[in-house]
Structures are given as structure tokens and as C-alpha cells.
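Trainee: Any chance you can model this:
(2 chains)
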Amino acid sequence: MNSIARSGSAWALAALLLAALGGCQTARVAQPLTAELAGNQPSQQLEFWHTLATRPLTSNDEAFHGLLLYTDGQDPADSYEARVELLKSRKMLPANFRGQANEAVQRGTLAVAICRALEIKGGVMMRLSGAAPRYAVRELEFVELYPPSSTFQTFSGGEFVGIIGRMEDYQRGQAVKVPAAVLPPEIRSNDSPAPQ
Amino acid sequence: MSAWEPAVSHNNRRFSIAIAALAAFVAAGAPAAQAQHATAPAASATAPTGEALVGTITAVDGMVQVRLGEDEPWQSAGVGMKIGPGAAFRTGPRSAVRFVFPPGQTITLDRLGTVTVLEALRTEGRIKMDVGMDYGRLRYDIEAAGQEHDATIHTPGSTLAVRGTDVIMFNQGFYPVTATSVVGTARFRDLDGSVQTFGGEQQAVIVSGSGGAAQTALGLNYVDPSSIARGAGEAQALRDNPSISGFTFGTTFTSSLALPPVAPAPVVPANFAQGSLVFQLVWVNSEPSSLLPDLDLFVRSPLGELLDPKLGPPVVPSGGRSPLDDRGGAANRAGQEVAAWPDLFPLGRYEYGVTHISGAGAEYQLVVIRDGRVVGDAVGGSLDSQNNRDSYEVSIGGSSGLQTAGRSNSASAVRAARAAPARAPTARPIGPYQSGPAR
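Mentor: So this is what the prediction gives:
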């Protein structure tokens, strides 16, 4: 038993050493969709969203492109650098953001941008701290846009698309009591669910 | 062929396999379910016979594409287009499509979803519909009068059988699959094979993996989204200090129906920095049984502006705000005051501190928060009517933050400051910050 325990400890130590020597690697997306599907035409946008939904990871560039498509209806930037600058100018990204285009987007980074886009003020700590990633993540958990998350976790493509859908629900209200005959814009114009 | 199509084909194949497996599972197990659902698995396992139904798109909102078969190209959906089995839809953000199949079936796919009409048949007086939703939210209403319906919504992990009811099926991202019966009963089959009948006169919800509608209802405790408290401590602080909400101008939950306007990039003046700078004071009684004394936070900016809830204006030209004057008074609570520059703040040396106004002794703590990060260490001490003022200095630079400057503590200083509030109080540097009182 002792030898097994010692062996296990040795493996754990070796794994720790390897991790320490190698460092924590950020996941990267080999070919971000934005290289081919960054257009603003409706058909191109739909290609982007529904291709992204099948991808295992979402890169910074894809997330920022998607965020701009959602907030503006189109992405006025023609490059990753331009997207980052645009989001920084809106305070949706911290001024010291240095993430690469193909790095997997972090939930904390995205949470700050979402809180800004949705004008979520948050609780006392978030109000006092500004939209720090840690508190932005907690806030989005509170309003049920995020599942329980850590700041440095990332998203799959399907999860990111789900988050964007939830953002819309947050703004427009969920059509959970509305018959199928009513479209979301009609919910808006009536300002109340249609009779069931 | 676009980059999308192979992925969809692959997905559809996997999806079809999953549906076939589900149908086989339904046929093999759950006798009770089989007794009531005999038609569905049988129809899935054998070649469908009957009259194919033709549906019509009745409304399109936003970006919606349709393709009439798996090998057909995607095209923009338009009102009046005819569809049949094999037709698929996909929607973008803020988009939705509504289509109807006779008799009395209305289906709406909301934002960011895909759905395929797998089967639409009229056979021997029975209407059989089968739709598959990869992800998204689907609302399905059936007007049951005079016609027997056998409708099923499949997702990759669950199945919802619908008969003469209004249902909503949600499956997206990492959220659990959720089935809602708005009116009437429906049967929900989870990935683990468990079958739940739910709904009736009132709306009922089943969340995948939750064990049933009753358990789901228990789990969905309503939380008022307009509350800004995130815990017992915050709730207590807010009850004690309702004007805190004025600090950030409103409540947290905005279900605004239009997109919020995107603010233009602010112009940052010289000697200012973009971001937030917050000074926060909290205090408690030195003696627990006494009433909370009145303490005031004061901050003098590098421009000489004084933020003080009693001596200064609530807003100064550089954008700083001192919205809250907590005068104490009650026992068994903490006091709090803040002074904040929410968006821009001047660079340079700030003098800040706390004055004891009235009441018994108090223990206080002061923190400076820049862009969400506490700069340096919190400072604190004790004040009473005799030793009634502590002040500190901090230099806020262009890149990071805090160079310790000093602290002074004297009764005469506060008296001088209150006699001539426009004049900068004199702080006597005594070295690096200390976390305890300088006695």
C-alpha cells in the first residue's frame, strides 16, 4: 500500500513539475471562422452563427465579431485589431487587453463586455469595483446568463451562441408564456403576452 | 458547397441516428409509455404512409433561412413559401420564423436556432408531426378540436410528445433542456429514458435531469431581479443604506426592449485617466451596544475639489460624486459612505480621510479602488469626539496607482477644515500607511 501511495505521489509530483515547466497553455483555435465568415450580409451572418455553433472552441476574434454582430447588427471592423480597438473604445474590453485573435475567449473577458452591452450594473461589489471580470462573471451567473463559471474558463461555439441567445432573452424577455402565433416583435409592441 | 453544409450534413446524420436510437429505445422499453405512445415509435420504425402535409411560412422576423431538403441550398425565408417534410430553418439573433401546418398547428422557431421538419403526415384521420431541433427555442401550438394529433419535438437529448397543447422546447448551449407546457399535458422523455407527463390547466416546466415538474418548480424559486443584493451582508447594507442604489443610478435589472445605445468613446482630458476611482468608508461602533455614530468621508481631488457629504456639493466638475451621507443612528449596523469618479478621474495627489461628526467612538476602514482593484492596503483606525479626524494622501498615477504618502490625525485639523472648507486641509505625512490607528 505504501509503495502504491508513494508511486502515486511521485506521479503527481512529476505531473506538477511538468505543468510548472511547461506553463499553463491557453487553448487556441486553429482556424478562426472570421477568416472566411466575417461578412455582414445576412446569409454570411447566419453562416457564421450556425457554423460557430458546431465548433469546439470560440476564439477571441470569433467572440468579438459575434458580440459586434449582436450589439450593432453588423461588424464595422475589418480585422481583429480593429475589433479590439472598437470594443476598448466602448469600454467593453479593458484598456490593457492583450489577447490574441486565435486564443480561446475567456468567460471573464466576455462577461465584462456583456455587462457593458446589457448595462448590467450589478451588486454592490461590482458597482464599487467597476466591471471587473470576477464580479462580472458572478453577476451574469446571478441573472442566469452564465452557468457557474470561473473567470478563465472558455466557451464552446454552441455555448457562446447560447449566451448570445440568453442576452437577447434578457433584453427582450423570454417568450415562455407566449403562444407560437406571437413573434417576439409582437410581444414588444403589445408589451404583454397575448391571451393564451 | 459552403463550409456550413458538410457540418450540417454530418450533424443531421448524427441527429438522425440519435433519433432512431431514441425511437428504438422507446419501442423497447417503458411499457407504460409504449401503451400511450404506440403510434410514434411504430411510425418512426416503419416507412410512413399517408398524405404529406404542406406547410406555409406565415411570418419572418430578422434573418431567417430555409432549405426545402437536405441537399437543397439555404435561401432567405419569405412569407407564403410552402414547405413540407425535410424542410429546415435557421435563424439569427433577434430573428424568428413562424410556419403553420394544417390543421391548426403553429410552430415558431425563435432566435439562433435550427429546426427540421422530419415528418408531416395525415394518416387514417390522425395528424402526425415530427420536428427535430438541434438547438434553439421552439414554440408549438396545436388546436386540438376535432382532430387527433400525434406530434413530437426531438432534440439531441430528449423528446417531447405533444397532443392538443401549447408547448415550448428550449435546448441551447450549456443550459439544460427545458420543456414548458403552457396549456394542456405533454410527455417529456429525458436522455436517461425517464418519461414525465406534465402540464394541465396551468403552465408547467420540466428541466432535463431535474426529476420532474414538481422538483423543477421547487428549484425555480423566484428571485426578484430588481434586487441588487448578492448576499445577506449586501442585503443588510442595502436595507440600512437605501440610498446606495443612487450611487449607480438605478436598479440592476433592465429588461429594456430595445438595444441600449452604444456610448461614443469618451474624450479623455489631459491629466485625467479613463476608468473608475472609488473611495469607500465603512465603520462600526467601538461599543456594540451604542448607536452608530456619524462619520463622514472626505476626499479632496488633485484639482482642489472637495467631496464631503456635508461640506461639499454632491457632484464636482471633474465628475466625482459623493451621493451618500450616512448619519448613523441605529444600533447593530455598519455605516458606509463612498466618493467616486465613475468614468474619468483626475491624476495626481488625493487627500482623503474620515471625520467623526457625532456620537460614540467608531472603528473605520477606508479603501481606494481603481478600475475594480483595491490599490494598496485598506487603512483603518478609531475615532471619537476627542480624536476626531484621520486623513491620508494617495498619488494616483497614469498607469497604476498608489504611492503611499502619509496620514495625519488631529482634532484641530478637522476643526480647521470645517471652519474653512474651501481650503485644503493640512495632512502631516508620517510615513507609509498603517492599518491600525496612529496613537
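
Trainee: so where's chain A shaky on pLDDT?
Mentor: By pLDDT under 70, the weakly predicted segments of chain A are A:1-26, A:129-131, A:174-177, A:187-196.

Trainee: Which residue ranges of it form helices?
Mentor: In chain A, the segments counted as helices under DSSP state H are A:2-22, A:42-52, A:60-72, A:80-89, A:107-118, A:124-129, A:133-142, A:157-172, A:184-190.

Trainee: I'd like to know which of the ones you listed is closest to chain B.
Mentor: Smallest distance to chain B across the helices of chain A (C-beta to the nearest C-beta): 2.0 Å, for helix A:157-172. Glycine gets a C-beta too; all of them are placed from N, C-alpha and C.

Trainee: Please spell out which residues along that closest one are buried.
Mentor: Residues of helix A:157-172 classed as buried by neighbour count (16 or more other C-beta atoms under 10 Å in any protein chain shown): A:157-172.

Trainee: rewinding a little: TSV please, covering the helices of chain A and showing distance to chain B.
Mentor: As requested, the helices of chain A are arranged in TSV below (distance: least, C-beta to the nearest C-beta, whole Å):
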stretch	distance to chain B
helix A:2-22	26
helix A:42-52	4
helix A:60-72	5
helix A:80-89	4
helix A:107-118	7
helix A:124-129	4
helix A:133-142	6
helix A:157-172	2
helix A:184-190	5
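
Trainee: Dump those into TSV; add distance to B:Glu124 as well.
Mentor: Shown next, in TSV, are the helices of chain A (distance: least, C-beta to C-beta, whole Å):
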stretch	distance to B:Glu124
helix A:2-22	64
helix A:42-52	37
helix A:60-72	47
helix A:80-89	57
helix A:107-118	51
helix A:124-129	60
helix A:133-142	51
helix A:157-172	39
helix A:184-190	37
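
Trainee: Stretch B:347-363 and chain A in contact?
Mentor: No. Under the criterion of C-beta under 8 Å from any C-beta of the partner chain, stretch B:347-363 makes no contact with chain A; the nearest approach is 14.6 Å.

Trainee: same question, stretch B:49-64
Mentor: Yes. Legend: contact between stretch B:49-64 and chain A by C-beta under 8 Å from any C-beta is shown at B:59, B:61, B:63.

Trainee: OK, contacts around the closest residue to A:Lys88 other than its chain neighbours?
Mentor: Using C-beta to C-beta, 6 or more residues apart in numbering or on different chains and skipping the chain neighbours, the partner closest in space to A:Lys88 is A:Ala95 (6.0 Å). Contacts for A:Ala95 (C-beta atoms under 8 Å, 6 or more residues apart in numbering or on different chains) come out as A:88, B:274-275.

Trainee: Can I have the buried ones of those residues as a PyMOL selection?
Mentor: Here is the PyMOL command that picks out the buried ones among those, judged by 16+ other C-beta under 10 Å:
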select buried, (chain A and resi 88) or (chain B and resi 275)
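
Trainee: what does the stretch 51-200 of chain B put close to chain A?
Mentor: The stretch 51-200 of chain B has residues B:59, B:61, B:63, B:65, B:74, B:76, B:90-94, B:96, B:98, B:106-108, B:110-114, B:134-137, B:139-141, B:166, B:168, B:172-175, B:180, B:182-183 near chain A, with proximity defined as C-beta under 8 Å from any C-beta.

Trainee: those helices in the stretch 151-300 of chain B, which residues are they?
Mentor: Counting by DSSP state H, counting those that start in this stretch, the stretch 151-300 of chain B has helices at residues B:213-219, B:232-240.

Trainee: Where among these is average confidence lowest?
Mentor: Looking over the helices of the stretch 151-300 of chain B, mean pLDDT reaches its minimum on helix B:213-219, with a mean of 45.

Trainee: what about A:Gln31, neighbour count?
Mentor: Residues near A:Gln31, counting by other C-beta atoms under 10 Å in any protein chain shown, number 10.

Trainee: now do B:Lys82
Mentor: So B:Lys82, with other C-beta under 10 Å, has 11 neighbours.

Trainee: Nearest residue to it in space, please, no chain neighbours.
Mentor: Nearest non-adjacent residue to B:Lys82 (C-beta to C-beta, 6+ apart): B:Val54, at 5.5 Å.

Trainee: How about the contacts made by that neighbour?
Mentor: Taking C-beta under 8 Å, 6+ apart, we find B:Val54 in contact with B:82-84, B:101-102, B:120.

Trainee: out of these, which one sits closest to chain A?
Mentor: Distance to chain A, by C-beta to the nearest C-beta, is smallest for B:Phe101 among the contacts of B:Val54, at 11.5 Å.

Trainee: pretty sure that closest one is in contact with B:Glu119, am I right?
Mentor: No. Assessed by C-beta atoms under 8 Å, B:Phe101 is found out of contact with B:Glu119, at 10.7 Å.

Trainee: Now for those two: what residues contact both?
Mentor: Residues touching both B:Phe101 and B:Glu119 (C-beta under 8 Å, 6+ apart) are B:Met129.

Trainee: for B:Arg373, which residues make a bridge with it?
Mentor: On the basis of DSSP bridges, B:Arg373 is bridged to B:Arg370.

Trainee: From B:Pro313, how far out is it?
Mentor: Taking C-beta to C-beta, to the nearest Å as the measure, B:Arg373 falls 28 Å from B:Pro313.

Trainee: can you check B:Ala52 too?
Mentor: Taking C-beta to C-beta, one finds B:Ala52 at 75 Å from B:Pro313.
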